[in-house]
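*Asks:* Sequence first, predicted model second:
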Amino acid sequence: MPFELFVALRFLREGKSQTALILAGASVGVAVIVFLSALIDGLQDSLVARTLGSQPHIIVRAPEEAARTLTRSPESLIQEVRPAQRLRSVDQWQQVREVLERTPGVEAVSPVVAGAGFAARGAASRAVAIRGVEPEPFSRVIDVSSRLVAGAWRLRGTEAVIGQELAKDLGLEVGDRLRLSTAEGRAETFLITGIFDLGNQDVNQRWVLVPLKPAQTLLDLTGGVSFLELKVMDLFGAQGLAEELQGRTGLVAESWMTLNAQLLTALRSQSSSRYMIQFFVIVAVALGIASVLVVSVVQKSREIGILKAMGTPTSKVMRVFLIQGAVVGGVGSVAGSALGSGLALFFASLASNPDGSPLFPVALEPRLFLTAAGVALATGLVAAVVPARRAACLDPAVVIRNG
């Protein structure tokens, strides 16, 4: 065993009460960091998952029609008139789709035809959003198949999958038929093959998913698509990727970060509060470790003087206390991680949603424990610098004579 490690452990064993206090402080500090980080990360993941469970990460669409400038005579008044935005197709969308699929960071691309319509069954009628999709690509962007509450994820011919709120409003079940019509008078009858719950009441009440080709006919967009929906690998890098795609395609690319600006602000606020809390916890732990080690230097000043008088280099004396700080940080990180994980799991078990999922989910990932261990170790080392310098500056003759 190295000399410095032996002496550091000896000093820690001799001051058992002080060692217990300093280890408890470090452990509680790490536990607070692990608990808060796991809770905030879990809430953020749950919030993002619920928000993005019914929407893509990026939408690529045709630009809106530009406003026209009109000049009226004889007054020569200039007026800009914004035209009504009609349902338009993405030009050469098949080629655009290939470009998007080849772009690094894009996980899935789904063409969608979307428009307003009416769903009717008997005398009951509801305004709905008709969405024509290709089942397999669409399920890779928005996982409807895992959110089904009845039936199967199947769209062939004139089949449709609807939300559970719309099914309740119209009294529909799997196997029933639903008539869809548009304001222009086009209509088609579809067979209900599935009912989904995407966790969004408006989506569950309005979405009607049908095959791509019948939707193109129904919405008078034969051969075209309204937009392309994308799923990306890096969720929080969606904005940068959207800007890149917009430059490459010349189309409008909007990320979920733009469409959900308030959600993004809330997530950033939560992260800022977490970092602030962690900072003050780290400062408190560092001060506690430093103060206890300074007292240890005072108590062990005679022993330190004897070691230096026997020829122990000053650098080794300093390393003794740096090792003490590292040991405290290492042990505190292990004990604190276990304590913080236990508190997080217990807190998550206190309440649950109707579907059985925790009301306050926690995210306990290896990255979190590695970060906590690194922070604890660094804090222990930094806190031990002042005591180590104080020990190195002791005069052997003075402390032995006065000891």
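*Replies:* Perfect, I can see it now.

*Asks:* Strands of the stretch 101-250 of the chain, residue ranges please.
*Replies:* Taking DSSP state E, counting those that start in this stretch, the strands of the stretch 101-250 of the chain run over residues 106-121, 124-133, 148-151, 159-163, 177-181, 187-196, 207-211, 227-232.

*Asks:* separation between the closest residue to residue 163 other than its chain neighbours and residue 39?
*Replies:* Once flanking residues are discounted, residue 163 sits nearest to residue 204: 3.3 Å by C-beta to C-beta, 6 or more residues apart in numbering. Heads up, the C-betas are built off the backbone N, CA and C, glycines and all. Per C-beta to C-beta, to the nearest Å, residue 204 is found 29 Å from residue 39.

*Asks:* do the same with residue 339
*Replies:* From residue 339 to residue 39 the distance is 14 Å (C-beta to C-beta).

*Asks:* So if I had to pick from the two, which one is more boxed in?
*Replies:* Per other C-beta atoms under 10 Å, whichever of residue 339 and residue 39 has more neighbours is residue 39, with 21 against 18.

*Asks:* residues contacting the residue minimising distance to the centre of the chain?
*Replies:* For the chain, residue 45 is the residue whose C-alpha lies nearest the centre (C-alpha atoms, centre = their mean; 4.4 Å). Shown in contact with residue 45 (C-beta atoms under 8 Å, 6 or more residues apart in numbering): 361, 363.

*Asks:* again, but for residue 375
*Replies:* Contacts of residue 375 (C-beta under 8 Å, 6+ apart): 30, 33, 278, 282, 333.

*Asks:* What of residue 235?
*Replies:* 48, 52, 57, 256.

*Asks:* Quick check: the farthest pair among those?
*Replies:* For the contacts of residue 235, the farthest-apart pair by C-beta to C-beta is 48 and 57; their separation is 10.4 Å.

*Asks:* which of the two has more neighbours?
*Replies:* Shown here are residue 48 and residue 57; by other C-beta under 10 Å, residue 57 has more neighbours (25 against 17).

*Asks:* List the contacts of the residue lying closest to residue 206 once chain neighbours are set aside.
*Replies:* Sequence neighbours aside, residue 129 is the residue nearest to residue 206 in space, at 4.7 Å (criterion: C-beta to C-beta, 6+ apart). Contacts for residue 129 (C-beta under 8 Å, 6+ apart) come out as 114, 115, 116, 117, 206, 207, 208.

*Asks:* how about a cut-off of 10 Å?
*Replies:* Taking C-beta atoms under 10 Å, 6 or more residues apart in numbering, we find residue 129 in contact with 114-117, 119, 163, 202-203, 205-209.

*Asks:* Which among those count as buried?
*Replies:* Buried residues within the contacts of residue 129, defined by neighbour count using 16 or more other C-beta atoms under 10 Å: 114, 115, 117, 119, 163, 203, 205, 206, 207, 208, 209.

*Asks:* Pipe the residues you listed into JSON lines and attach distance to residue 293 and pLDDT per row.
*Replies:* Listed next are the buried ones among the contacts of residue 129 as JSON lines, based on distance: C-beta to C-beta, whole Å; pLDDT from 0 to 100:
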{"residue": "114", "distance to residue 293": "65", "pLDDT": "93"}
{"residue": "115", "distance to residue 293": "70", "pLDDT": "92"}
{"residue": "117", "distance to residue 293": "73", "pLDDT": "94"}
{"residue": "119", "distance to residue 293": "72", "pLDDT": "95"}
{"residue": "163", "distance to residue 293": "62", "pLDDT": "94"}
{"residue": "203", "distance to residue 293": "58", "pLDDT": "91"}
{"residue": "205", "distance to residue 293": "63", "pLDDT": "94"}
{"residue": "206", "distance to residue 293": "64", "pLDDT": "94"}
{"residue": "207", "distance to residue 293": "63", "pLDDT": "95"}
{"residue": "208", "distance to residue 293": "68", "pLDDT": "96"}
{"residue": "209", "distance to residue 293": "65", "pLDDT": "96"}
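
*Asks:* Just send those residues back as JSON lines, with distance to residue 223 too.
*Replies:* Shown next, in JSON lines, are the buried ones among the contacts of residue 129 (distance: C-beta to C-beta, whole Å):
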{"residue": "114", "distance to residue 223": "15"}
{"residue": "115", "distance to residue 223": "15"}
{"residue": "117", "distance to residue 223": "19"}
{"residue": "119", "distance to residue 223": "25"}
{"residue": "163", "distance to residue 223": "28"}
{"residue": "203", "distance to residue 223": "27"}
{"residue": "205", "distance to residue 223": "30"}
{"residue": "206", "distance to residue 223": "26"}
{"residue": "207", "distance to residue 223": "23"}
{"residue": "208", "distance to residue 223": "21"}
{"residue": "209", "distance to residue 223": "20"}
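
*Asks:* Out of those residues, which comes closest to residue 226?
*Replies:* Nearest member of the buried ones among the contacts of residue 129 to residue 226, counting by C-beta to C-beta, is residue 114, at 4.6 Å.
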